[in-house]
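# got a structure for you, letters missing:
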């Protein structure tokens, strides 16, 4: 195990840069923090490049067991508790981090699933919202989450934690803009359903899978481009006094409705085959 004691160490500076890079563009590697999150990464089948342990964490059986379970190719680093606090994004770090390869986010060689469900995040900027949306899409069996430029990086630390590991379970594809998303979906004739207060009730209509649900920016809502490209506008009926739902809540309800309609239609499709 390699020991690092100085904040001026080149490797430590590289880890710090990974934290900063994840706030902007998508990095090549991701720094994952915390015992539970690290365990989830391993369950997902990812092979970490490095493990970083604090001096205190090394004396904890659960963390030591995780370190012992890693393949020999994984580099092992020991840093002081002070350096771990400098590196951590949490107030009370558990003292264990993994450096893992970032998931590929290009759809260039991917063909859309003709019976799939997709969630589109168009310029969603709140990390908590995006993380929750990724977790929702994973929970309801969506084929992928599609992101336009202007959406916060899904590898942002706050997004990673809000997704509860789902960022490593479901494919994430980055697109230049909604036109590129629309063209990709048209390869499989998948319609776009955009969430908008002016749309029809999500309880009405005959729409079902395949479909792509589009969620717009939290403050501005749907862009004109989104309205132009959407095949249908839908909204969550709200008989109460609240004017609207936040992006993640609306996405969760509508994703569930899409999953329900997809699963309800499957027996009918099987009977016809």
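Sure thing, it's come through. Quantities reported herein were computed from a predicted structural model and do not represent experimental measurements.
# tell me what the biggest helix by length in the chain is packed against?
If you go by DSSP state H, the chain has its longest helix at helix 247-272. Secondary-structure packing of helix 247-272 (3 or more C-beta pairs under 8 Å, 6 or more residues apart in numbering; DSSP states H and E): strand 117-121, helix 127-139, strand 192-201, strand 211-215. For every residue, glycine as well, the C-beta is placed using N, CA and C.
# quick one: it to strand 117-121, angle?
Interaxial angle, helix 247-272 versus strand 117-121 (axes from the mean of the first three to the mean of the last three C-alpha atoms, to 10 degrees): 160 degrees.
# Can you pull the domain assignment for the protein?
2-101, 117-272 (automatic domain parsing).
# Quickly compare these and say which is most buried.
Comparing those by mean neighbour count (mean count of other C-beta atoms under 10 Å), domain 117-272 comes out on top with a mean of 18.
# Next one: residue 178 from residue 234, what distance?
17 Å (C-beta to C-beta, to the nearest Å).
# cool, and residue 248?
For residue 248 relative to residue 234 (C-beta to C-beta), the value is 17 Å.
# Let me see the mean pLDDT of the longest helix of the chain.
Mean per-residue pLDDT for helix 247-272: 83.
# same deal with stretch 73-86?
Mean predicted confidence for stretch 73-86 is 95.
# who touches residue 137 in this structure?
Residues in contact with residue 137, defined by C-beta atoms under 8 Å, 6 or more residues apart in numbering, are 119, 144, 145, 166, 170, 255.
# still on that earlier bit, quickly, which of the helices and strands packed on helix 247-272 bottoms out on average pLDDT?
strand 192-201 (a mean of 91).
# Could you give the separation of it from the chain centroid?
23 Å (C-alpha atoms, centre = their mean, to the nearest Å).
# So in that sheet, which strands flank that strand, and in what orientation?
strand 211-215 (parallel), strand 232-235 (parallel) (DSSP bridges).
# For those, could you give me JSON lines that also reports distance to residue 61?
Shown next, in JSON lines, are those (distance: least, C-beta to C-beta, whole Å):
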{"stretch": "strand 211-215", "distance to residue 61": "42"}
{"stretch": "strand 232-235", "distance to residue 61": "50"}
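# of the domains of the chain, which approaches residue 108 most closely?
Closest approach to residue 108 among the domains of the chain (C-beta to C-beta): domain 117-272, 9.2 Å.
# Start from the N-terminal end of the stretch 1-150 of the chain and give the helices.
For the stretch 1-150 of the chain, the helices defined by DSSP state H, counting those that start in this stretch cover 10-21, 35-43, 61-68, 81-87, 127-139.
# With distance to residue 264 as added columns, please give those in TSV.
Shown next, in TSV, are the helices of the stretch 1-150 of the chain (distance: least, C-beta to C-beta, whole Å):
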stretch	distance to residue 264
helix 10-21	43
helix 35-43	31
helix 61-68	41
helix 81-87	48
helix 127-139	18
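# for those, which one sits closest to residue 99?
Closest approach to residue 99 among the helices of the stretch 1-150 of the chain (C-beta to C-beta): helix 10-21, 7.2 Å.
# now for the closest one, which elements pack on it?
Contacts defined by 3+ C-beta pairs under 8 Å, 6+ apart place helix 10-21 against strand 2-4, strand 29-33, helix 81-87, strand 96-101.
# Kindly recompute the last result at 6 Å.
Where contact means 3 or more C-beta pairs under 6 Å, 6 or more residues apart in numbering; DSSP states H and E, helix 10-21 is packed against strand 29-33.
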